[in-house]
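Participant: Output the structure for:
(chains A, B and C, ligands or ions: 1)
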Amino acid sequence: MRIALVATCLGDAMFPQAPRATVLLLERLGHEVVFPADQTCCGQMHVNTGYLDLALPLVRHHVDVFSGAADVVVAPSGSCVGCVRHQHAMVARRGGDEKLAQAAEDLAGRTYELSELLVDVLGVTDVGAYYPHRVTYHPTCHSLRMLRVGDKPLRLLREVRGLTLTELPDAEVCCGFGGTFAVKNAETSTAMLADKMANVLSTHAEVCTAGDTSCLMHIGGGLSRLRSGVRTVHLAEILASTTEGAPA
Amino acid sequence: MSAREEVLARLRAARDVGGSTVPDVPRDYHRTGVHAPGSAAAVERLTETLTDYRATVHRVGDLDGVPAAIAAVLAGSSSVVAPPGLPGEWLGEVTATVRRDDPPLSVADLDRLDAVVTGAAVAIADTGTFVLDALAPDQGRRAISLVPDHHVCVIRAADVVSSVPEALARLAPDGPLTFVSGPSATSDIELDRVEGVHGPRRLDVVLIVPPRA
Amino acid sequence: MTTDLGMPTVASDPHGHLRGTEPFPVAAHRALADTQLRQNLGHATRTIRAKRAAVVGEVDDWEELRRAGECVKADVMARLPELLEQLEASVTARGGVVHWARDAEEANRIVVGLVRETGSDEVVKVKSMATQETGLNEALGAAGIAALETDLAELIVQLSDDKPSHFLVPAIHRNRSEIRDIFLREMPDVDPDLTDEPRRLAMAARAHLRRKFLSARVGISGVNFAVADTGTISVVESEGNGRMCLTLPDTLITVMGVEKVVPTWSDLEVFLQLLPRSSTGERMNPYTSSWSGVTPGDGPQTFHLVLLDNGRSNVLASPDGRQALHCIRCSACLNVCPVYERTGGHAYGSIYPGPIGAVLSPQLTGIDGPDDVNASLPYASSLCGACFDACPVRIDIPHLLVQQRAAAVEAHGRPTAQDLAMRAAAAAMASPGRFSLTERVVKLGRLLSRSGRIRSVPGPGAAAWFGARDMPEPPAETFREWWGRRERS
Ligand code: SF4
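Facilitator: Have a look, this model is predicted:
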């Protein structure tokens, strides 16, 4: 299958290992990945901070870039897919652009978060990965409640050879990131983060994984400050790892 | 412009801007319960849910068993009030002084009485609830089942339904209705349920369940 | 908040208590520092979340009920003026008197006048959000009328001269031993050996209020549901204080927000299932009372119903925003909200706290410029979405939060620092060329890194992030550079 990749702005600039792993994983499974080079950002930060007018050109750009790119679009980020699926058409309609809204809806119907793509579209749970570590999984809010990915990431992780999955207490509670919330309400955000980190540490996992680089940046930033030694690793990186090692 | 006219005018204008399309309400929730009204299973579930919320359930096999059951739960009481239409024979065996609320007793009088005995309009097995209809002669006006500290309620199996929708369908909302689920309680201290505040602190239910109901 | 104990402070805003005095992050700062408060809230919300989950799990048609509840409320909004007229006619036909109030101040004036007519200088009250919203107790106090709150939690709040912090349990921020201390201090005839056992505390409240109930001449209540076609008013409660207030006085004055009307009696079959399980986590609350107008020989022989607008018509004008009026005040969204759990209700300023408060308060008051404290409320959320899942009438609170953020931005007038930053970011992201340029700037961040992590960065927004979190060092090669390299090879 020909699959267009949304690298996400954060993935492209700060966490390239996640989109890279997505590419390597999908290619290993026999699919063709294209990366439309004109892509920038889905506009999530602007939408969620209330700048819907500023988000409109970003939405238009995203729809222009991806509409013809491939039959199926994937992003290794629950929140970016959440924005595409649940907010793009709303932003377009609010801006009075019904044509764009319909194009956005069409694109949203073909855009998947990585675990959705693997399990629902490609029909695999065993992707042939090998990752000999003790791992706990944080189901990010947007994957869980906007996309309803359910246990798909866990089903994928359970098939990974060598991996020991440990259950995260209060897993479904937000880590406190919330985009600009982490800055505008930094104290409340860090209070939430503290509880999330305590739960992660209680699992004695070496690695905390999730389907969203932004939440991992938050949790990882906190764990790094604590010098806890626990690493945050995107789900795609684990799934892309094989006996030959982690993806480049 | 009067406040009435102004509020209505504002609401009309706002409603027209915000939209006046009336949606269809999907009624695909259960309107009949899992157990048939009056069935043994419904009565069984009611017993469980009542007990769960700290009401005490006493089963009798027919109407003839009611007087003894009521007398037994009122053994420690010295006075009891009954609504005007409560069958007299139900109180035939009680040793306590029986006051009929006819003519109506004062609040001060009610406050001096130990207990009240009423019937019920309907009971809901799913939730452990019975409903008192103030216009029904065997249930009486609201104050009598509120002020005394001990409530004895007699429920017939035929009046037990499974679900809330079935109960509401049997009730006429013209007169005052009181839905009672357990003795008075509060969740106001650390969000945990504690029984016994302003309403009756003791609740006994006499369930009339004919064999093979 | 109290009138009969302290100095009466009358709400000066005609809207009543819909606005606090400081922005959310400032108020939250204080709450977060109060470890006792966080413990109390954490314990209470954990308890109620577990209870709710258990009783909701018993109902196999829960999602169907939620959808029905959502649609009944949407229907109400579409027909609100007509339903209110119908309600007025049915209540009047059954001997009640209906009053209309444009705002909080007018509602208070009406109620004060009605109490004065009875000649009573004391009223017993059953907890109502509407009269908390209008600040009725202060208004009554200013008129020399003592208002006695009879709900246990409300009584705790009133006795300690505190403010409510939750819909259902206004004293959720107090634990049992704090409650014991308040009772010992403020209840004149309390048993000095009172312990902090919840049952003993409940008994103390019973003893304290009993005489007042039996002698009260005027009762004041709110409304959970008002049925348009029968004029039936329904009040859902636990303790029996509601029954006392609704039954024993000669005069009953009921204040309701206009959105509380429902079309028919059978609509309650939906809400009487959704509300108790969502709010106290019970299959059914101990008592629900319903009545219609006046019943000869039973209960109050004079009944007044006050219909309150107070900004609700503003909310109704927003096609999406009006969902906030669907709220049945169960408080499930508060109990599941990770922000509310840590800051408590007072941080929201308005008497409507939590996720629903964050979208309702700014709509009721409107947002008055960038410094309006209510403009900070829609940002008091990480948009985690737990509120939507818990809401028994499926209010899309996350969407409304975004919408109210947009409203807050629109109210800015002159561009703020945040506006400028957002514009710059949008400009950078709108074209691929500028976006790569930005990436090259980001890469300069590598200069700040020590052993792979960045511990701080200059700039105002940065301090908020780096207070408790590091940033990894930006990568040597961006994804698009890697992709380009691969394509070429
Ligand atoms: S918004 Fe929904 S969950 Fe929150 S209090 Fe209202 S009805 Fe309950």
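
Participant: how is the chain carved up into domains?
Facilitator: With no chain named, the answer covers chain A. The record's domain split for chain A, according to automatic domain parsing, is A:2-121, A:134-240.

Participant: actually chain C
Facilitator: Split by automatic domain parsing, chain C gives C:64-313, C:417-488.

Participant: can you tell me the distance between the two ends of the longest one?
Facilitator: Its start and end residues considered, domain C:64-313 measures 29 Å (Cα to Cα, to the nearest Å).

Participant: got the residue ranges for the strands in the stretch 251-400 of chain C?
Facilitator: Secondary structure of the stretch 251-400 of chain C by DSSP state E, counting those that start in this stretch: the strands cover C:251-257, C:261-262, C:287-292, C:302-308.

Participant: how about residue 106, what does it touch?
Facilitator: By default, I'm working from chain A. Contact analysis of residue A:106 by Cβ atoms under 8 Å, 6 or more residues apart in numbering or on different chains lists residue A:67. Backbone N, C-alpha and C define where each C-beta goes, glycine included.

Participant: ah, I was thinking of chain B
Facilitator: Per Cβ under 8 Å, 6+ apart, neighbours of residue B:106: none.

Participant: Show the pLDDT at it.
Facilitator: Residue B:106 carries a pLDDT score of 96 in this model.

Participant: just to revisit the earlier point, mind checking which of the strands of the stretch 251-400 of chain C is nearest chain A?
Facilitator: Nearest to chain A, of all the strands of the stretch 251-400 of chain C, is strand C:251-257, at 26.6 Å by Cβ to the nearest Cβ.

Participant: Now do that closest one: which elements does it pack against?
Facilitator: Strand C:251-257 makes packing contacts with helix C:104-118, helix C:129-134, strand C:218-221, strand C:302-308 when contacts are defined by 3 or more Cβ pairs under 8 Å, 6 or more residues apart in numbering or on different chains; DSSP states H and E.

Participant: possible to save these as TSV with distance to residue C:434, mean neighbour count and mean pLDDT?
Facilitator: What follows is the helices and strands packed on strand C:251-257, written out as TSV (distance: least, Cβ to Cβ, whole Å; neighbours: other Cβ atoms under 10 Å in any protein chain shown; pLDDT from 0 to 100):
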stretch	distance to residue C:434	mean neighbour count	mean pLDDT
helix C:104-118	50	20	97
helix C:129-134	48	27	95
strand C:218-221	61	26	98
strand C:302-308	52	24	98
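
Participant: out of these, nearest to residue B:209?
Facilitator: strand C:218-221 (37.3 Å; Cβ to Cβ).

Participant: hang on, the earlier thing: quick one, which of the helices and strands packed on strand C:251-257 gets closest to chain A.
Facilitator: helix C:129-134 (24.4 Å).

Participant: and the helix or strand just after the closest one, which residues are buried?
Facilitator: Per DSSP states H and E, the first helix or strand lying C-terminal to helix C:129-134 is helix C:136-142. Across helix C:136-142, burial judged by 16 or more other Cβ atoms under 10 Å in any protein chain shown covers C:136, C:137, C:138, C:139, C:140, C:141.

Participant: sorry, back to before: with distance to residue B:96 added, can I get the strands of the stretch 251-400 of chain C in TSV?
Facilitator: Formatted as TSV, these follow (distance: least, Cβ to Cβ, whole Å):
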stretch	distance to residue B:96
strand C:251-257	32
strand C:261-262	43
strand C:287-292	25
strand C:302-308	35
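
Participant: And those: which comes nearest the ligand?
Facilitator: In terms of Cβ to the nearest ligand atom, the element of those nearest to the ligand is strand C:251-257, at 12.4 Å.

Participant: and the closest one with the ligand, contact?
Facilitator: No. Judged by Cβ under 6 Å from any ligand atom, strand C:251-257 and the ligand are separated, with a smallest distance of 12.4 Å.

Participant: Return that strand as CSV; C-alpha atoms alone will do.
Facilitator: Listed next in CSV are the C-alpha coordinates belonging to strand C:251-257 (Å, rounded to 0.1, in the frame of the first residue of the first chain):
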residue,chain,number,x,y,z
THR,C,251,-44.7,29.2,51.5
LEU,C,252,-42.3,27.7,49.0
ILE,C,253,-40.2,29.9,46.7
THR,C,254,-38.4,28.0,44.0
VAL,C,255,-35.8,29.6,41.8
MET,C,256,-34.8,28.0,38.5
GLY,C,257,-32.5,28.8,35.6
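
Participant: related to what we said a few turns ago, and residue C:83, which of the domains of chain A is closest to it?
Facilitator: domain A:2-121 (29.1 Å).

Participant: start to end distance for the closest one?
Facilitator: Termini of domain A:2-121 sit 12 Å apart (Cα to Cα).

Participant: Let me see the mean pLDDT of it.
Facilitator: Here the average pLDDT along domain A:2-121 is 96.

Participant: likewise stretch C:201-210?
Facilitator: On average, stretch C:201-210 scores 89.

Participant: got it, and stretch B:51-58?
Facilitator: Stretch B:51-58 shows a mean pLDDT of 94.

Participant: Could you list the buried residues of that stretch?
Facilitator: By neighbour count, and taking 16+ other Cβ under 10 Å as the criterion, the buried residues in stretch B:51-58 are B:53, B:54, B:55, B:57, B:58.

Participant: For those, give me a markdown table that also has distance to residue B:32.
Facilitator: Compiled in a markdown table, these are given as follows (distance: Cβ to Cβ, whole Å):
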| residue | distance to residue B:32 |
| --- | --- |
| B:53 | 24 |
| B:54 | 29 |
| B:55 | 25 |
| B:57 | 24 |
| B:58 | 28 |
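
Participant: from those residues, which are also near chain A?
Facilitator: With the criterion set as Cβ under 8 Å from any Cβ of the partner chain, no member of the buried residues of stretch B:51-58 is near chain A.

Participant: which parts of the longest helix that chain C contains are buried?
Facilitator: The residue-count maximum for a helix in chain C (DSSP state H) belongs to helix C:35-57. By neighbour count, with 16+ other Cβ under 10 Å as the criterion, the buried positions of helix C:35-57 are C:37-38, C:40-41, C:44-45, C:47-49, C:51-52, C:55-56.

Participant: mind listing what the residue nearest to residue C:396 when sequence neighbours are not counted touches?
Facilitator: Of all residues not flanking residue C:396 in the chain, residue C:388 sits nearest, at 5.9 Å (Cβ to Cβ, 6 or more residues apart in numbering or on different chains). Neighbouring residues of residue C:388 by Cβ under 8 Å, 6+ apart: A:145, C:394, C:395, C:396, C:397, C:398.

Participant: Same question for residue C:133.
Facilitator: Contacts of residue C:133 by Cβ under 8 Å, 6+ apart are C:16, C:17, C:18, C:104, C:257, C:308, C:310, C:351, C:352.

Participant: Chain neighbours aside, what residue packs nearest to it?
Facilitator: Nearest residue to residue C:133 in three dimensions, chain neighbours excluded: residue C:16, at 5.0 Å (Cβ to Cβ, 6+ apart).

Participant: quick one: contacts for the one you found?
Facilitator: Contacts of residue C:16 (Cβ under 8 Å, 6+ apart): C:103, C:104, C:105, C:108, C:133, C:134, C:135, C:310, C:351.
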